[in-house]
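**Student:** Dropping the sequence and predicted coords here.
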Protein chains: 2
Amino acid sequence: MMTVPQTPSEVEPDDASLALEGFLPYRLARASEIISRQFATLYRERHGMTRPEWRTLATIGQFNRITATEIGAHSSMHKTKVSRAIRALEERKWITRQVDETDRRIEHIELTRDGSANYRDLVTLARSYEAKLMEMLGQTGAEQLMAGISAIEKRFAAP
Amino acid sequence: MMTVPQTPSEVEPDDASLALEGFLPYRLARASEIISRQFATLYRERHGMTRPEWRTLATIGQFNRITATEIGAHSSMHKTKVSRAIRALEERKWITRQVDETDRRIEHIELTRDGSANYRDLVTLARSYEAKLMEMLGQTGAEQLMAGISAIEKRFAAP
DNA sequence: TCACAAAAGTTGCAATCGTAACCATCAAGG
DNA sequence: CCTTGATGGTTACGATTGCAACTTTTGTGA
C-alpha cells in the first residue's frame, strides 16, 4: 500500500523517480478535470449542451452583442470551436447573426428571446454549482484556490 | 479592439448575467490548460511524446513494474488511452510486457534500458519545469495553489 | 486604383478521443 | 466439469478536435 502525499514539497524523496500525484501540472489538470466534468454533467443533462456551446452562450449573454472573434478571445477558444458552437446555437434558434453594415466580414451575435431565457437558466445553474463547490472546499480552501489561480493568471496573461 | 477583463475577483455585479472570467470552474480549466500546454510543449519538442504517453511513462517509471489497469488508476486515464499509450511506448522500445504466469490476462510492464534513460531525462525536465513554475508563481502563490488543489482532492477522492 | 497583406469566419482533413462492444481468461457456484 | 459473471486488455466506430487552407472583405501603400 502506498500513501498519496498531498504537497509536492514533501514528495520526491529520491532523485531518480518522480511522483506523478505530487507533480503540480498533473494535480492541476486532474483537479480541473474533476470540476469541469461535474459541471458539464449539469448543463448537458439539462440542455444537451457541449462545453464549447456553454462557453459561447455564456460569453454572448455576458456581452449582449458580440462577434465570433471576440467570443474566442474572451472564452479562450479556438476560432473553429467558436464557429461550430455558434452554428449549433443558431440551429437551436438561441442566437441570431447580423452582418455588420460597414464591415461585412463581421457578424454581430445576439440572443433570441428563447436563448435569453435559457441563458438565464444556465446562469442560475452555474451560480448554484459554484456556491456548492465553494461550500465543499470551505472558506479557506476556496480562497486559496482562487488566489493560486490568480497567480497563474497574473503571470500568464496571454496563452 | 476588444477588452478582456483580467481581474475576476471584482466581477459579477448584477444578477442577470455571469462573468465567465470570474467563474471558478472556467478559471480553473483555463489555468490548467495554460500550464498543461506549456509543459506539453517541452516533452513534445524533446521526445515527440503525447500527453497520455508522458503520463504512462511517468507512472511506469515511478513503480518499475506495473499493469495497464494500475497505470490508468494512478494517472487518471481511461483504459483505452492507456492501452494506446502503452502500444506507442512499446513501439519505441521503451517498455516491455510480460504476461503474468498465474493470471494470463495480466501484463506486467517495465522500462527497457532505453526507456529508463529517457524516463530519467523526462524527470529532470519535469522537475525543472515545476521549479520554474513555482518560481513564477512566487512562494505564496504556489502554496495557495497547492492548498486549493488539495482541498479539491480531499473532497473528490474518486472521480 | 491596383496589388498585396491582413482579418473574420468557414470548411476539409487527419489525428485524437470516448463509448461500447469485444475476446480471452479466471473465479465461483451448482 | 460446466455455466455464469467479472476482470484485463484491445478494437471498432462515431464524435470531437486542431491545423491548415480557403473565401470574402477590408485596409494600405506604391
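**Tutor:** Now that the structure is in, tell me what you want to look at. Numbers count the residues shown, from 1 in each chain, chains lettered A, B, ... in the order given.
**Student:** wait, does the longest helix that chain A contains contact chain B?
**Tutor:** Criterion DSSP state H: the longest helix present in chain A is helix A:113-155. Yes. Part of helix A:113-155 sits near chain B under the criterion C-beta under 8 Å from any C-beta of the partner chain, namely A:120, A:123, A:126-127, A:129-130, A:133-134, A:136-138, A:140-142, A:144-153, A:155. To be clear about C-beta, it is placed using only N, CA and C from the backbone, and glycine gets the same treatment.
**Student:** Would you mind giving me the confidence score for A:Leu42?
**Tutor:** Note for A:Leu42: predicted pLDDT of 95.
**Student:** host element of it?
**Tutor:** Assignment of secondary structure by DSSP states H and E places A:Leu42 within helix A:24-47.
**Student:** Can you tell me the element the residue most central in space within chain A falls in?
**Tutor:** With distances taken as C-alpha atoms, centre = their mean, chain A has A:Arg55 as the residue nearest its mean C-alpha position (6.1 Å). For A:Arg55, the element it lies in under DSSP H and E is helix A:51-63.
**Student:** near DNA strand D, anything from that helix?
**Tutor:** Yes. Judged by C-beta under 7 Å from any atom of the strand, helix A:51-63 comes into contact with DNA strand D through A:51-52.
**Student:** That helix to helix A:113-155, inter-axis angle?
**Tutor:** Angular relation of helix A:51-63 and helix A:113-155 on a 0 to 180 degree scale: 100 degrees, by axes from the mean of the first three to the mean of the last three C-alpha atoms, to 10 degrees.
**Student:** The helix or strand that helix A:51-63 is followed by and DNA strand C, any residue contact?
**Tutor:** Using DSSP H and E, the helix or strand that follows helix A:51-63 in sequence is helix A:68-75. Yes. Using C-beta under 7 Å from any atom of the strand, helix A:68-75 comes into contact with DNA strand C via A:68-70.
**Student:** In contact with A:Ala117, which residues?
**Tutor:** Neighbour list for A:Ala117: empty [criterion: C-beta atoms under 8 Å, 6 or more residues apart in numbering or on different chains].
**Student:** wait, I meant A:Asn64
**Tutor:** By C-beta under 8 Å, 6+ apart, A:Asn64 lies in contact with A:110-111.
**Student:** And for A:Val99?
**Tutor:** A:106-108.
**Student:** Go again with 6 Å.
**Tutor:** By C-beta atoms under 6 Å, 6 or more residues apart in numbering or on different chains, the residues touching A:Val99 are A:Glu107.
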